[in-house]
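S.K.: I need the structure of the sequence given here:
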Amino acid sequence: MEFSTQTLRQEGQRVGTADEFVVAFYERVAGRADFTPSGIAEELGVPLQRAEQAVGALRELHLVKPAQGGADRLVAVSPEAAQMELLVPLEWEIHDSRRRLAGFKGQLSSFAAAYQKQTRTRTEPVVITDDPEEIELRLLEAAQGCTTEVLVMQPCVAHETRELQLARPLVLEALRRGAQGRILYPHTARGDSDTRAHIGDLLPAGGQVRTTKEVHDRFLVFDRKTAFIPAGEGDAIAVVYEGAVAAFLAALHARAWESAFDFDSGAAGYAGTLEDLKVTLLDLLASGAKDEVIARRVGMSERTFRRHVATIMQDLSATSRFQAGVLAARTGLVDLVLRSAA
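M.R.: You can find the predicted model right below:
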């Protein structure tokens, strides 16, 4: 007797029809040579339809069967005999499914080895694409294969690009699998509620988070094998399958990491990094860089950058940005940045 998956599901649903009346009905007919639904309905004082429903439930459980020599007469079956008739075929079905599952796993393992061999000998060291689906698939491949380390340098969550949004849950999953993670944000991330919420997920998963005065663009590196970097000003991403490039980015990340500040989820606001950010803004102002360039490097919007500049000018009693830069140089604030970076 063969049972399909649908049959198994239907059988499991039907078992739920055995209510107290059905049990009482079975108790009344158990041990009799035979019986009819109408006769038991009369004995119990219930409508014939109710008795027939009980018989139907007992038939599904194989607890009644037709009696010999009587077309409309039935006989009760012991639960042990019903179990043998009903459950043994199901157990064989489960056994067969497990055997087929093991067979599929064995066949797919050979294809997995071929796929891994192909990725190790990948002919394209760099793939540039702006296709969201391809970017997502390549991120998924790199993140799922990540076993040791993931490095991230990025702006605040509010300024995330598409690939960073897609990478966020994948990085978190890699950390939970045991990979080490070091994530660098700009100091401005400390004042961004969405970024702090995401960091609140990274830290319990084992990720290390620091903030730095400047973010040199954005990138992700998985196991120092695969890197994701911007490819121009648009949405295009360069996926680099070249260990030398990944190692270079890892070294860049390490240098920024050394001078960065640990993120304490219990500390409010900028938590001691505001002065470091202020000095960085003064240094960049003195260099003559444009607003949009400075804002991008420190990881904030131009509006927020201008608000910080206005505060700095007020603190220094400067009437122009150039004057603020000159005053900062005279007081040694800009030199402080240069010395700390040396």
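
S.K.: Strands along the stretch 51-200 of the chain, start to end?
M.R.: Remark: strands assigned in the stretch 51-200 of the chain by DSSP state E, counting those that start in this stretch are 64-66, 74-76, 126-129, 149-153, 180-186.

S.K.: Reformat the ones you listed into TSV and put mean pLDDT next to each item.
M.R.: Formatted as TSV, these follow (pLDDT from 0 to 100):
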stretch	mean pLDDT
strand 64-66	89
strand 74-76	91
strand 126-129	92
strand 149-153	95
strand 180-186	92
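
S.K.: any weak-confidence spans in the stretch 1-150 of the chain?
M.R.: Filtered on pLDDT under 70, the stretch 1-150 of the chain yields the residue ranges 1-17, 70, 110, 112-123.

S.K.: on that earlier part again, can you lay out the strands of the stretch 51-200 of the chain as a markdown table showing distance to residue 318 and mean neighbour count?
M.R.: The way it works is simple: take the backbone N, C-alpha and C, and place the C-beta from them, glycine included. Formatted as a markdown table, the strands of the stretch 51-200 of the chain follow (distance: least, C-beta to C-beta, whole Å; neighbours: other C-beta atoms under 10 Å):
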| stretch | distance to residue 318 | mean neighbour count |
| --- | --- | --- |
| strand 64-66 | 97 | 17 |
| strand 74-76 | 100 | 19 |
| strand 126-129 | 44 | 14 |
| strand 149-153 | 32 | 22 |
| strand 180-186 | 24 | 22 |
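
S.K.: excluding its backbone neighbours, what's nearest residue 239?
M.R.: Distances taken as C-beta to C-beta, 6 or more residues apart in numbering put residue 127 closest to residue 239, at 4.5 Å, once the chain neighbours are dropped.

S.K.: Please read the previous query as pertaining to residue 25.
M.R.: Once flanking residues are discounted, residue 25 sits nearest to residue 54: 4.0 Å by C-beta to C-beta, 6+ apart.

S.K.: what sits against that neighbour?
M.R.: Residue 54 makes contact with 21-22, 25-26, 37 under the criterion C-beta atoms under 8 Å, 6 or more residues apart in numbering.

S.K.: can you rerun that using 7 Å?
M.R.: Neighbouring residues of residue 54 by C-beta atoms under 7 Å, 6 or more residues apart in numbering: 21-22, 25.

S.K.: looking at it, residue 219 is touching residue 226, isn't it?
M.R.: No - using C-beta atoms under 7 Å, residue 219 makes no contact with residue 226, being 11.0 Å away.

S.K.: among the strands of the stretch 51-200 of the chain, which is nearest residue 251?
M.R.: strand 149-153 (10.3 Å; C-beta to C-beta).

S.K.: can you confirm residue 46 is in a strand?
M.R.: No - going by DSSP: H, G, I helix; E, B strand; the rest coil, the assignment for residue 46 is coil, not a strand.

S.K.: measure it to residue 37 for me?
M.R.: Remark: distance between residue 46 and residue 37 (C-beta to C-beta, to the nearest Å) = 10 Å.

S.K.: Mind checking which of these two has more residues around it?
M.R.: Neighbours per residue (other C-beta atoms under 10 Å) separate residue 46 from residue 37, with residue 37 holding more: 22 against 16.

S.K.: If we ignore the residues flanking it in sequence, what's nearest the more buried one?
M.R.: In space, residue 37 is closest to residue 51, 4.4 Å off (C-beta to C-beta, 6+ apart).

S.K.: Can you verify my assumption that the one you found contacts residue 35?
M.R.: No - judged on C-beta under 7 Å, residue 51 makes no contact with residue 35 at a distance of 9.9 Å.

S.K.: Distance from stretch 251-266 to the middle of the chain?
M.R.: Remark: stretch 251-266 is offset 24 Å from the chain centroid, using C-alpha atoms, centre = their mean, to the nearest Å.

S.K.: Let me know the helix or strand that residue 300 is in.
M.R.: Assessed by DSSP states H and E, residue 300 sits outside every helix and strand.

S.K.: One more: the one 10 residues further on?
M.R.: Here residue 310 sits within helix 302-316, counting by DSSP H and E.

S.K.: what packs against that helix?
M.R.: helix 274-286, helix 291-298, helix 321-330 (3 or more C-beta pairs under 7 Å, 6 or more residues apart in numbering; DSSP states H and E).

S.K.: now the helices: where do they sit in the stretch 51-200 of the chain?
M.R.: 79-120, 132-144, 162-176, 193-202 (DSSP state H, counting those that start in this stretch).

S.K.: So the closest residue to residue 260 other than its chain neighbours: helix, strand or coil?
M.R.: In space, residue 260 comes closest to residue 210 once its chain neighbours are excluded; the distance is 3.6 Å by C-beta to C-beta, 6+ apart. Following three-state DSSP, we place residue 210 in the strand state.

S.K.: ok, what's across the strand from residue 210?
M.R.: Beta bridges link residue 210 to residue 184, residue 262, judged by DSSP bridges.

S.K.: right, and it touches residue 184 too?
M.R.: Yes - the pair residue 210 and residue 184 passes the contact test of C-beta under 7 Å, sitting 5.9 Å apart.

S.K.: Now do the shared contacts for those two.
M.R.: Common neighbours of residue 210 and residue 184 (C-beta under 7 Å, 6+ apart) are 257, 260.
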